Every structure is written in C-alpha cells, then in structure tokens.
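Asker: this is the structure alone, sequence omitted:
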C-alpha cells in the first residue's frame, strides 16, 4: 500500500474512533440508554477499553472539580 494512502487511512480511522467515542458520550449524557447499548455493542474491545478508561478519568476529574467548588 502506498505510504500516503496508509497515512490517509490512519487519519480516517482515528477520526472515526473519535466520532464513535463522542457519540457514545453524548448518548450517555442524554441518558439514551437504548441507543448507547447499541453503540457500545458495535465497538471493538479496544474501543470499549479506551472508552472505559476515559470515563474513569472523566469521573475522577469531575468529582475533584465539584469538590473544589464546594470548598
């Protein structure tokens, strides 16, 4: 495969993963559990692991931000 084409495909893959993760986060924020389950079921194990790690970090940081505001 041509190196330029491989680079383009890598960028498209990264953008697709980002969109998928943002879509899942949006559904979670809206409380749309039915569509969220469908979205999560379509993800690869790697995408699910990435999303779970991001969710843990977001939860932790949001909790700390709330605690700072309550002081």
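Answerer: Thanks, I have the structure now. Predicted model, so just to flag it, every value in this text is computed and none were measured.

Asker: quick one: low-confidence ranges for this structure?
Answerer: For the chain, applying pLDDT under 70 flags the ranges 1.

Asker: please identify the helix or strand for the residue nearest the centre of the chain.
Answerer: Nearest to the geometric centre of the chain sits residue 21, at 2.6 Å (Cα atoms, centre = their mean). In this assignment (DSSP states H and E), residue 21 forms part of helix 3-30.

Asker: now do whichever helix or strand comes after that helix and helix 3-30, the angle between them.
Answerer: Tracing the chain C-terminally past helix 3-30 and defining elements by DSSP H and E, one meets helix 33-41 next. Counting by axes from the mean of the first three to the mean of the last three Cα atoms, to 10 degrees, helix 33-41 points 150 degrees away from the direction of helix 3-30.

Asker: can you list the buried residues in helix 33-41?
Answerer: 36, 39, 40 (16 or more other Cβ atoms under 10 Å). (Each C-beta comes from the backbone N, C-alpha and C, glycine too.)

Asker: what's the closest non-adjacent residue to residue 21?
Answerer: On the basis of Cβ to Cβ, 6 or more residues apart in numbering, the spatially nearest residue to residue 21 that is not a chain neighbour turns out to be residue 51, at 5.6 Å.

Asker: roughly how far is the helix or strand that the one you found is a member of from the heart of the chain?
Answerer: When secondary structure is defined using DSSP H and E, the element that contains residue 51 is helix 45-70. For helix 45-70, the distance between its averaged C-alpha position and the chain's averaged C-alpha position is 11 Å (Cα atoms, centre = their mean, to the nearest Å).

Asker: residues in contact with stretch 20-30?
Answerer: Stretch 20-30 is contacted by residues 33, 35, 36, 39, 40, 42, 43, 47, 50, 51, 54 when judged by Cβ atoms under 8 Å, 6 or more residues apart in numbering.
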